[in-house]
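In: Got a predicted structure plus its sequence, pasted below:
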Amino acid sequence: MKNATLSHAFLTVVTSLLFLWLAASDLFAQAKRDAGWPTYSNDPGGTRYSPASQIDRSNVAQLKAAWTYRTGALPQDPELDKKAAFEATPILADGKLFLSTPYDHVIALNPETGAKLWEFAPKLELPYGASEVTSRGVSAWREKSAKAGQLCALRIFIGTLDARLIALDGETGKPCTDFGEHGELDLAVGIKLRDPGDYQVTSAPAIFRNLVITGSSIGDNRAVTLERGIVRAYDVRTGKLRWSWDPIPWALKTEPRTGAGNAWSTISVDAERDLVFIPTGSASPDYFGGVRKGDDKWANSVVALRASTGEFVWGFQVVHHDIWDYDVASQPALFVWKDGTPAIAITTKMGRVFVLNRLTGVPLLPVGERPVPKSDIAGEEAWPTQPASTISVVPEKLSPEDAWGKDAQEKQWCVEKIKAARSGEIFTPPSLQGTLVFPSNVGGVNWGSAAYDPQRHLLFMDTNRLPILVKLIPRAEYEDARKNASDSDRLHGEFARQTGAPFAVFRTPLLAPSGLPCNAPPWGTVAAVDLFEGKQVWDVPLGTFIPGMNTGTITLGGPTVTAGGLVFTAAAMDNGLRAFDSETGKELWKYDLPAGGQATPMTYTLKGKQYLVIVAGGHGKLGTKQGDYVIAFTLP
């Protein structure tokens, strides 16, 4: 009887251990299945790819809203709200969703329910002249040797619209007081601000080991002498400056001194190889380069720096001597080439895609220097050639024959407008007559960047096809030009002084009286490119301006691609969140958001369930419906 009791007890213990082992195995398997989204683009290399595959082609049409959270960000200020854009992509770190609002509030949510865990308000001091009112996201860093309950073991970093870099405790949302001064750094120190509100941070900082790295957003075309576009790396714990890099040091010798060349988009990181990849903008001002003669390196470039020191490794300039506002707005995407070579893909406002060796900057797909038109503006020395890739995803030419209108009368109106301006091939310089810049400063590809599927070696991007009329105005005629502008010009166009240059500038999209673009649709698309083959695979309109027609719309925001064979994007102006088949471009699902989705969606799995999350708050400058929604979708 005693032995029987022992045997029973032994069996009970074995059974319990087996149950615990099976439970642990199941948890391990589930953890392995779960896919996170720890940085702005999921991985530091900017691919916006998720291995999550629960949502796939066969079931995506069943997606339903699981939860909705409203930030309360809008309305806030009648004037600033007109510029506000909810462009954030949340990140998932330590089991929490973290995101930022257009006014830089940082919010932590429960990723399963959408319940708010905490909120931090940075108490911005923004003048009405602020260039941008947006934040694309935050970054996270974890102390590997942290003890349980340690304050700021997880640090959330945000760069603000009033040029601060702030570190927050991921658990409580309170500032990490050991970082800088009471948890923040003043990024304007040493910059010499020209105009309050025009030196800002709008993109999530990059994290490399124990460094947080940030560029800046600088308001365009105010003057020749603008703030310098210095990139800086700080110690994540103390805020001490570790290195800085000036993309255009030669600008200190120009008279008057030029500026900008700044990295306002997202920086990519290759931690294994100690490299960061900096996308840079144009030197100031955008539309006259007579002060900054030469090719203007390293403006309009992607530059590889040693991440630990800021040492220059290589650079690749996508535009020489930019006079079209063709800054590199996209985050570079890091991937592996077909022979195993570390590679980088650069998408551009021109719609050209450059593929390079990540270690050397040498092209993996051919790049040629092609002659481009000369400038007839006194003092301007346009560069005679421009880099041309084998991949281009948008048209590069506009003529009167390309005019479009919703009826014959409107088409003729557009024909006359195109005839009256200087137009033709890409890189036609700005003029006194007025030049139609096409592709324009909107893109091609803008800050939404690209998503890369490593299984199918396909690169996906949202594109634009919108001509912009750029007209140079002699300095002495500027005030009269502004005073005598038509109501239509004041509504849709932008006058900029370019102080210090002999010419001011006026720019406006080429829109017919109906408000539709004067070139033929589609006006915005989702495009897929096979990087290994160097060719476009598919290109489909994204959204519509005309119900019942696939016209596409202007797009601001980016795509996300998953192992489920899906591309998600909400960048169109018709408020639709869509899913496309990654191999064919077929639209498989659409959801009408309560406001504009000018952001990039993200996805993750939690406890074996996949979620798709998008912020929907619209874009003030673009004119989409504004709001304050964060929406998560799951399968039933």
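Out: Everything's here; your move.
In: just for this structure, where's the confidence low?
Out: 1-33, 487-491 (pLDDT under 70).
In: Wasn't R507 part of a helix?
Out: No: judged by DSSP: H, G, I helix; E, B strand; the rest coil, R507 forms no part of a helix; its state is strand.
In: ok, now how distant is A421 from D296?
Out: Plainly put, A421 is 26 Å away from D296 if you go by CB to CB, to the nearest Å. Glycine gets a C-beta too; all of them are placed from N, C-alpha and C.
In: Also V362?
Out: 22 Å.
In: so what's the closest residue to V526 other than its chain neighbours up against?
Out: Spatially, and ignoring its direct neighbours in sequence, V526 is nearest to L542 (4.9 Å; CB to CB, 6 or more residues apart in numbering). Shown in contact with L542 (CB atoms under 8 Å, 6 or more residues apart in numbering): D462, P522, G524, T525, V526, G552, T553, T555, T569, A571, A572, R578.
In: now the third one, which residues is it bridged with?
Out: By that I understand G524. N464 (DSSP bridges).
In: List the contacts of it.
Out: By CB under 8 Å, 6+ apart, the contact list for G524 reads 462-465, 541-543, 552-555, 571-573.
In: Please pick the buried ones from these.
Out: Buried by 16 or more other CB atoms under 10 Å: 462-465, 541-543, 552-555, 571-573, out of those.
In: now those as TSV including distance to W589 and secondary structure?
Out: Shown next, in TSV, are the buried ones among the contacts of G524 (distance: CB to CB, whole Å; DSSP: H, G, I helix; E, B strand; the rest coil):
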residue	distance to W589	secondary structure
D462	17	strand
T463	21	strand
N464	23	strand
R465	25	coil
P541	16	strand
L542	14	coil
G543	14	coil
G552	18	coil
T553	18	coil
I554	22	coil
T555	18	coil
A571	16	coil
A572	14	coil
M573	19	coil
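In: ok, for T600, nearest residue in space, not its chain neighbours?
Out: Nearest residue to T600 in three dimensions, chain neighbours excluded: G558, at 3.8 Å (CB to CB, 6+ apart).
In: what about the one you found, how many neighbours?
Out: G558 is flanked by 32 other residues according to other CB atoms under 10 Å.
In: I figured it was touching G46, is that so?
Out: No: counting by CB atoms under 8 Å, G558 stays clear of G46, with 9.9 Å between them.
In: Are there residues contacting both of these two? Which ones?
Out: With CB under 8 Å, 6+ apart as the test, G558 and G46 both reach S449, A450.
In: buried set for stretch 136-146?
Out: Buried, per 16+ other CB under 10 Å, within stretch 136-146: R136, G137, V138, S139, A140, W141.
In: for those, which one is nearest A88?
Out: G137 (4.9 Å; CB to CB).
In: now the helices for the chain?
Out: 2-33, 408-420, 478-483, 487-492 (DSSP state H).
In: first vs last residue of stretch 215-232, how far apart are they?
Out: By CA to CA, to the nearest Å, the extent of stretch 215-232 from end to end equals 7 Å.
In: Next, count neighbours for the residue nearest to N446 when sequence neighbours are not counted.
Out: Using CB to CB, 6+ apart and skipping the chain neighbours, the partner closest in space to N446 is A329 (4.8 Å). When neighbours are defined as other CB under 10 Å, A329 has 23 of them.
In: OK, contacts around A329?
Out: Contacts of A329 were listed using CB under 8 Å, 6+ apart, and they are W264, S265, P279, G281, K349, G443, V445, N446, W447, S449.
In: can you list those residues in JSON lines and add distance to L124?
Out: Putting the contacts of A329 into JSON lines (distance: CB to CB, whole Å) gives the following:
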{"residue": "W264", "distance to L124": "18"}
{"residue": "S265", "distance to L124": "21"}
{"residue": "P279", "distance to L124": "26"}
{"residue": "G281", "distance to L124": "23"}
{"residue": "K349", "distance to L124": "29"}
{"residue": "G443", "distance to L124": "28"}
{"residue": "V445", "distance to L124": "30"}
{"residue": "N446", "distance to L124": "25"}
{"residue": "W447", "distance to L124": "21"}
{"residue": "S449", "distance to L124": "26"}
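In: and of these, the nearest to G310?
Out: For the contacts of A329, the residue nearest G310 by CB to CB is P279; the value is 15.9 Å.
In: Kindly state the beta-bridge partners for that closest one.
Out: V302.
In: isn't it right up against N300?
Out: No: between P279 and N300 there is no contact under CB under 8 Å: 9.3 Å.
In: quick one: K82 from Q76, how far?
Out: Per CB to CB, K82 is found 11 Å from Q76.
In: out of those two, which sits in the more crowded spot?
Out: Taking neighbours as other CB under 10 Å, K82 and Q76 compare with Q76 leading, 17 against 13.
In: Please give me every residue in contact with the closest residue in space to V630 that isn't next to it in sequence.
Out: In space, and not counting its chain neighbours, V630 is closest to Y69: 4.4 Å by CB to CB, 6+ apart. Residues in contact with Y69 (CB under 8 Å, 6+ apart) are L109, G114, A115, K116, Y629, V630.
In: Nearest spatial neighbour of the fifth one, chain-adjacent residues omitted?
Out: Nearest non-adjacent residue to Y629, counting by CB to CB, 6+ apart: A616, 4.3 Å away.
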